[in-house]
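J.: Got a predicted structure plus its sequence, pasted below:
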Amino acid sequence: MKIHEYQAKQLLASYGAPIPLGDVADTPAEVLKVWNRIGKGRVAVKAQIHAGGRGKGGGIKLAETEDEVLSSAKKIIGMNLVTHQTGPEGIKVRKVLVEEALEVKSEFYAGITLDRSSRSPVLMVSKFGGMEIEEVAAREPDSIVKMKIHPLSGLFQFQARELGYRLGLIGKPLQSAVRIFTAISKLFVEKDASLIEINPLFHLKDDRIVAGDAKIGFDDSALYKHEDIEALRDEFEEEPAEREARKANLSYVKLDGNIGCMVNGAGLAMATLDILKHFGGTPANFLDIGGGAKRERVKDALKIILTDKNVKAIFINIFGGIVRCDEVAHGVISAKKELGISVPITIRLTGTNEKEGRSMLESEGFATGVSLDEAAQKAVRSAA
Amino acid sequence: MKIHEYQAKQLLASYGAPIPLGDVADTPAEVLKVWNRIGKGRVAVKAQIHAGGRGKGGGIKLAETEDEVLSSAKKIIGMNLVTHQTGPEGIKVRKVLVEEALEVKSEFYAGITLDRSSRSPVLMVSKFGGMEIEEVAAREPDSIVKMKIHPLSGLFQFQARELGYRLGLIGKPLQSAVRIFTAISKLFVEKDASLIEINPLFHLKDDRIVAGDAKIGFDDSALYKHEDIEALRDEFEEEPAEREARKANLSYVKLDGNIGCMVNGAGLAMATLDILKHFGGTPANFLDIGGGAKRERVKDALKIILTDKNVKAIFINIFGGIVRCDEVAHGVISAKKELGISVPITIRLTGTNEKEGRSMLESEGFATGVSLDEAAQKAVRSAA
Amino acid sequence: MSILVNSETRLLVQGITGSEGTYHSKRMLEYGTKIVAGVTPNKGGTNYLGIPVYNTVSEAVTETSANVSIIYVPAPFAADAILESAYAGIPLVVCITEGIPALEMMRVHASMPEGVRLIGPNCPGVITPSTKTKVGIMPGHIHLPGRVGVISRSGTLTYEIVKALTDAKLGQSTAIGIGGDPLPGTNFIDCLELFRNDDETDAVAIIGEIGGSDEEKAAEYVAKGYSKPVIGFIAGQSAPPGKRMGHAGAIISGGKGTAEEKKNAFRAAGIKVADLPSEVVPLLKESLR
Amino acid sequence: MSILVNSETRLLVQGITGSEGTYHSKRMLEYGTKIVAGVTPNKGGTNYLGIPVYNTVSEAVTETSANVSIIYVPAPFAADAILESAYAGIPLVVCITEGIPALEMMRVHASMPEGVRLIGPNCPGVITPSTKTKVGIMPGHIHLPGRVGVISRSGTLTYEIVKALTDAKLGQSTAIGIGGDPLPGTNFIDCLELFRNDDETDAVAIIGEIGGSDEEKAAEYVAKGYSKPVIGFIAGQSAPPGKRMGHAGAIISGGKGTAEEKKNAFRAAGIKVADLPSEVVPLLKESLR
């Protein structure tokens, strides 16, 4: 789960990391109030959406006078912000962060992710902030300093200092950097984050070190332990179908094709999309109905698939193990009736009770296939 | 540093361990107030001193009526409580803990110390509570279940459960025990304790598990990190000389002989006491003036030694390394004058600047010795 | 001898009385697995499905000499369950549970005693058809004793390959699902090493997926010289970056861990790559010729 | 070859610009120790006592190939300093600092990378007189090249024994103060093992004290057969239980760790026990005859 910049900054501040003076607002009037409260100086008005690239899309504006602040707020709040991460449809801006504009000396990068090989979080910093870390990795690979965080002891102070020195800091700014690195390492572990990025991390002209932007992602599996984080969820940022799937505890990812897919098992589901593509089809989604799925769950899944108006055909691929094929067949047959599904459905069933399932389906006129390849080709043809 | 039972119980409670209803009081009137507040039932009035064996010494009384409560309070507050741990002089009781008397089904033991060999805390439990663990170890060794606590991860839940099952608990009381074991393990590490003992740990007739008594000792070296714990110090419990020594940052332990000792280095100080004993003397104290001691420190040390009225002679043993012998000689000479020391002083100086130091002392008429044995014998004779 | 589980396996089931534990214990017993103990806190001293149940793994091990444990405990308690088996001296722990937070698994790995092998979490388990030993949730009937080792990050996709091997009468020596977790206990290389030394395995099928770099590392390992033919398949060719494809571990992040990269790594290491699951068997047959 | 430190020692001083660090760096240089680097945060790039100073140990190691570090950092920062050297790849770390909380040392030990030896904390250090290598705070002039290995939990008491060895012209191969901490990095057995394999050591003197069971374990180790004579001394015969005698580690708790127990363990293992420090040399001479 991702959160907004203003939420991420508040979290950072609660861990002792310095952030710019500012506050969130959702109307131009509120924006003005914040501007008054934080000293009527030069501010940045920043659209709060999860996607990156807000600046280029016109979602961040500097303002100095009351008029400027108001007009920026009016422009940004309610706009449909399109960036390279939103897709062409863009995202509607509902909130802005109003923040003091700072005198910046230089911009760094600081980030933490879980490194799979070392089975530990890794803190990365670079002198080249303000661009994406992949870009830095491509252009200035030597500038990236990586530090493994001990999985049980956390970041050691000497490591935090070393990272600071590697950014060229010394004295008071070094101490600030140490505080920030310590804070994000602690936050990462305590709140089960999957990613923290402070990019840019500002080194100000007055030698303070402050988080310019902040991006935090959390491990979905751990949210049940963190009500405070779950409360930061912004449902407007979710695909409606993905939101429904999450609530139904189904694993769904929207794609841009036209064949709706329902598979049991994540690996088989990915492979199924690959096979459809191989035979010239374009999958509309990834959907894993999981182990032991019952008929009700099949119906929920089909309902979610059909929320996508691009879906021209449905392909169901079930390898019965814990899931029984006849149970799935039952679910599909009744869902088709209840939901009034009009797009063609192709089903491939194998494994536990496959004969029973297949004969049920065939007697209802469904297209079935024994081999996966064969069934996938049928599905591709049905969407053409 | 040790703390009182009531303080230990409050700490335990703050970590989620169940304790009996009760409160501390320092006058009979306060005792009555507590009794009223906690329901006017049967209570225990418990003398708050650091030493064990309070019950046998008459420091714990049960009371049920207002009269009984008042008379118990009057008897205990202000009494000079003598137990096997206080020495014959006893300790004056200044505070009592007034606590609901509980219906006990059985009494367990639970304790944590740092195990040097495994370099980890060890949690120990036994079905035989209410007696000292050494006694249990001698009488019912098989009843003691030890569990190593992971030095970085802490106590695992399965370990806490296993300890509970080994005490014969199951269901709700097992869960309480798990909560208590988890609490004390956390407290031990977070507050840098050196010892936690809940003895007895009550299993009540209503199946609750509650700390009957609580004893916590803290690592003196870590107190600088824990202001909250330092604030629990009761200076009345310290030997006045030990208190002065602590404030002067000297390492001093009062013993029961008559030769006051001042040595640099803990090992040499211990060996010096042993040598005095070997030659028939009885040391009055352990005192390590530490490395790099200057003349002022020598004076402070002598002052502390002399607070002990049993001291009939002083023995100073210095191996000059960082400490310069002439500096020590200087300190001794001026301290003797300033403090008007009348007891005989024997000094053995060796190492850095020993010649300078010795000649200074000899010209002032001090008894010196080159060999440690020779000097020690001289000191023993001087105290006879 | 096959690998990991065989006729010597004395299985302990953690969470045996739960619904998952019950269902799969029955299936494992049916298949022929020797289950010697179950563990469910507060149910110690009872019998369940004819199996003695204990409160703690430590007690169960003392009483029954269990040497493999399988975990069907809900996610919030599964990390502790893994450590309980590990500290009780069980050398092989198979964790079926899905949804253990990644940082919890990190702490489990860092707290594990030496010499314990964990398979999973979020995995279908391990099966050795020749000795009728199933330690997992895979459908037993699709397996056939044979000489192909199977290693996979997936569940049902593995069954797909396993079934194809069975239909082709090739069968499996042992099939291992290492699981879809980002920090699995056992990885491809561990399994490749075990299969290398296994007399009953002639070839190995690796079923990978997007995310992480386990496949790339396996490729490096094979490139250094591997005595048996290896066939690879990677799921997730059509997955978009930044989206988690079901498994916590199946995510392309920072442009890394794509199917294409993994396939290229396989090819460079001399591992034949199947583009479709149905191509695995033909490629294997070709290699074994 | 003596043990631990010798002419190959390239010393790094952590906290070199502090008052302790300054004083002892000067003494070590005087004695002949090769100090190649100092580390003090924010003083990197300067020179101090003719030695280059760095901000981090890692940088210092890269620049100077330091292979031993000594720590004169105040207690609140010393645990971190130990780990800094250890993680920078320095194989031998000597920590002089006294007063590091016991549980902090516990965490240090549990976080240490493999293959790093820590001596101390709260120890006087290590000295090899034959190569004029002093890594510690002991007075250098009382030492003499010789063939007796000295291992001690104490500081000045060690000097007492060392001086007696020097006065008797026996001298020392290497003298190690393992320190008065309850959780020392290096213990008696570690040192006995090193001396066992050292051609330049003919006999070993062990100076123990009350508290813990390191002496008892050393006795067990020697009892299994040790090729060189060992003489023991235990300080703290007259210490009362429950009172900490200066060193954090010198405390008799729960009736365990008394001098008598330790002496008995020594005797049972064939270690000759001196009742007074002055008896160590005569016993050694007797054994070496």
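T.: Structure's in. What do you need?
J.: where along the stretch 151-289 of chain C do the helices fall?
T.: C:156-167, C:188-196, C:214-223, C:259-268, C:280-288 (DSSP state H, counting those that start in this stretch).
J.: closest point of the stretch 1-150 of chain C to chain B, which residue?
T.: Per CB to the nearest CB, C:Glu84 is where the stretch 1-150 of chain C lies closest to chain B, at 3.6 Å. In short, each C-beta sits where N, CA and C put it, glycine included.
J.: Return the residues of the stretch 51-200 of chain A in contact with chain B.
T.: Within the stretch 51-200 of chain A, the positions near chain B by CB under 8 Å from any CB of the partner chain are A:152-153.
J.: Would you map the strands across the stretch 51-200 of chain A?
T.: For the stretch 51-200 of chain A, the strands defined by DSSP state E, counting those that start in this stretch occupy A:60-63, A:80-81, A:91-92, A:96-100, A:104-115, A:120-126, A:145-148, A:193-204.
J.: ok, residue 18 - contacts?
T.: Here I'm looking at chain A. A:Pro18 is in contact with A:176, A:179-180, A:208-211, counting by CB atoms under 8 Å, 6 or more residues apart in numbering or on different chains.
J.: if you could check chain C rather than the one you did, that'd help
T.: Shown in contact with C:Gly18 (CB under 8 Å, 6+ apart): C:40, C:72-74.
J.: before we move on, back to that, which stretch among the strands of the stretch 51-200 of chain A approaches chain C most closely?
T.: Comparing the strands of the stretch 51-200 of chain A by CB to the nearest CB, strand A:104-115 comes nearest, at 5.7 Å.
J.: Kindly spell out which helices and strands sit in contact with the closest one.
T.: The contact analysis (3 or more CB pairs under 8 Å, 6 or more residues apart in numbering or on different chains; DSSP states H and E) places strand A:104-115 against strand A:120-126, helix A:133-139, helix A:172-190, strand A:193-204, helix C:102-111.
J.: sorry, back to before: ranking the helices of the stretch 151-289 of chain C by mean neighbour count, which comes first?
T.: Comparing the helices of the stretch 151-289 of chain C by mean neighbour count (mean count of other CB atoms under 10 Å in any protein chain shown), helix C:156-167 comes out on top with a mean of 24.
J.: anything in it near chain A?
T.: Yes - with CB under 8 Å from any CB as the criterion, chain A is reached by helix C:156-167 at C:156-160, C:163.
J.: Go through the residues you listed and name the one nearest D:Leu192.
T.: Comparing these against D:Leu192 with CB to CB places C:Thr158 closest, at 54.3 Å.
J.: I figured the closest one was touching C:Ser152, is that so?
T.: Yes - contact criterion CB atoms under 8 Å: C:Thr158 and C:Ser152 qualify, at 4.0 Å.
J.: Spit out the residues that contact these two alike.
T.: Shared contacts of C:Thr158 and C:Ser152 (CB under 8 Å, 6+ apart): A:267, C:175, C:177, C:207.
J.: Right, and chain B sits closest to which residue of the stretch 51-200 of chain A?
T.: Closest residue of the stretch 51-200 of chain A to chain B, CB to the nearest CB: A:Leu152 (3.7 Å).
J.: Disregarding flanking residues, what is the spatial nearest neighbour of that residue?
T.: Distances taken as CB to CB, 6 or more residues apart in numbering or on different chains place B:Leu152 nearest to A:Leu152, at 3.7 Å, with adjacent residues excluded.
J.: go on, A:Ala214?
T.: Once flanking residues are discounted, A:Ala214 sits nearest to A:Ala8: 3.8 Å by CB to CB, 6+ apart.
J.: Please settle this for me: is that neighbour part of a helix?
T.: Yes - counting by DSSP: H, G, I helix; E, B strand; the rest coil, A:Ala8 is found in a helix.
J.: Verify the stated contact: it with A:Phe218.
T.: No - between A:Ala8 and A:Phe218 there is no contact under CB under 8 Å: 10.5 Å.
J.: Contacts only, for the residue of the stretch 201-350 of chain A found nearest chain B.
T.: Here the residue of the stretch 201-350 of chain A nearest chain B is A:Lys225; by CB to the nearest CB that distance is 14.3 Å. Shown in contact with A:Lys225 (CB under 8 Å, 6+ apart): A:192, C:76, C:101.
J.: Any quick PyMOL command for the buried ones out of these?
T.: Buried residues within the contacts of A:Lys225, by 16 or more other CB atoms under 10 Å in any protein chain shown, are selected in PyMOL with:
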select buried, (chain A and resi 192) or (chain C and resi 101)
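J.: got the contacts of A:Lys225 as TSV, with pLDDT columns?
T.: What follows is the contacts of A:Lys225, written out as TSV (pLDDT from 0 to 100):
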residue	pLDDT
A:Asp192	98
C:Pro76	97
C:Pro101	97
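J.: Could you export the contacts of A:Lys225 as CSV, including distance to chain D?
T.: Output for the contacts of A:Lys225, formatted as CSV (distance: CB to the nearest CB, whole Å):
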residue, distance to chain D
A:Asp192, 22
C:Pro76, 26
C:Pro101, 22
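J.: okay, now the domains of chain A?
T.: A:1-20+A:103-238, A:21-101, A:240-383 (automatic domain parsing).
J.: give me the low-pLDDT residue ranges for the stretch 1-150 of chain C?
T.: C:1 (pLDDT under 70).
J.: quick one: the strands in it?
T.: Applying DSSP E, counting those that start in this stretch to the stretch 1-150 of chain C gives strands spanning C:11-14, C:35-39, C:47-48, C:51-54, C:68-71, C:92-95, C:117-119, C:125-128, C:133-136, C:148-152.
J.: so which of those comes closest to B:Ser72?
T.: In terms of CB to CB, the element of the strands of the stretch 1-150 of chain C nearest to B:Ser72 is strand C:51-54, at 48.0 Å.
J.: tell me the pLDDT at the residue nearest to A:Leu152?
T.: We have a pLDDT of 98 for B:Leu152.
J.: So what does A:Glu89 have for phi and psi?
T.: The phi/psi pair for A:Glu89 (degrees, to the nearest 10) reads phi -70, psi -20.
J.: what does the model give it for pLDDT?
T.: For A:Glu89, the pLDDT comes out at 83.
J.: How many residues are close by it?
T.: Close neighbours of A:Glu89, defined as other CB atoms under 10 Å in any protein chain shown, add up to 8.
J.: quick one: it from chain D, how far?
T.: Separation of A:Glu89 from chain D (CB to the nearest CB, to the nearest Å): 49 Å.
J.: sorry, back to before: export the strands of the stretch 51-200 of chain A to a markdown table and tack on distance to B:Gly22 and mean neighbour count?
T.: As requested, the strands of the stretch 51-200 of chain A are arranged in a markdown table below (distance: least, CB to CB, whole Å; neighbours: other CB atoms under 10 Å in any protein chain shown):
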| stretch | distance to B:Gly22 | mean neighbour count |
| --- | --- | --- |
| strand A:60-63 | 60 | 18 |
| strand A:80-81 | 61 | 16 |
| strand A:91-92 | 59 | 18 |
| strand A:96-100 | 51 | 24 |
| strand A:104-115 | 47 | 20 |
| strand A:120-126 | 45 | 22 |
| strand A:145-148 | 49 | 16 |
| strand A:193-204 | 43 | 24 |
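J.: would you turn the strands of the stretch 1-150 of chain C into TSV with distance to chain B and mean neighbour count?
T.: What follows is the strands of the stretch 1-150 of chain C, written out as TSV (distance: least, CB to the nearest CB, whole Å; neighbours: other CB atoms under 10 Å in any protein chain shown):
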stretch	distance to chain B	mean neighbour count
strand C:11-14	10	29
strand C:35-39	10	25
strand C:47-48	17	13
strand C:51-54	9	20
strand C:68-71	12	28
strand C:92-95	13	28
strand C:117-119	15	23
strand C:125-128	22	27
strand C:133-136	21	26
strand C:148-152	30	28
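J.: For chain A, which of the ones you listed is the nearest?
T.: Smallest distance to chain A across the strands of the stretch 1-150 of chain C (CB to the nearest CB): 7.1 Å, for strand C:148-152.
J.: Lovely, talk soon.
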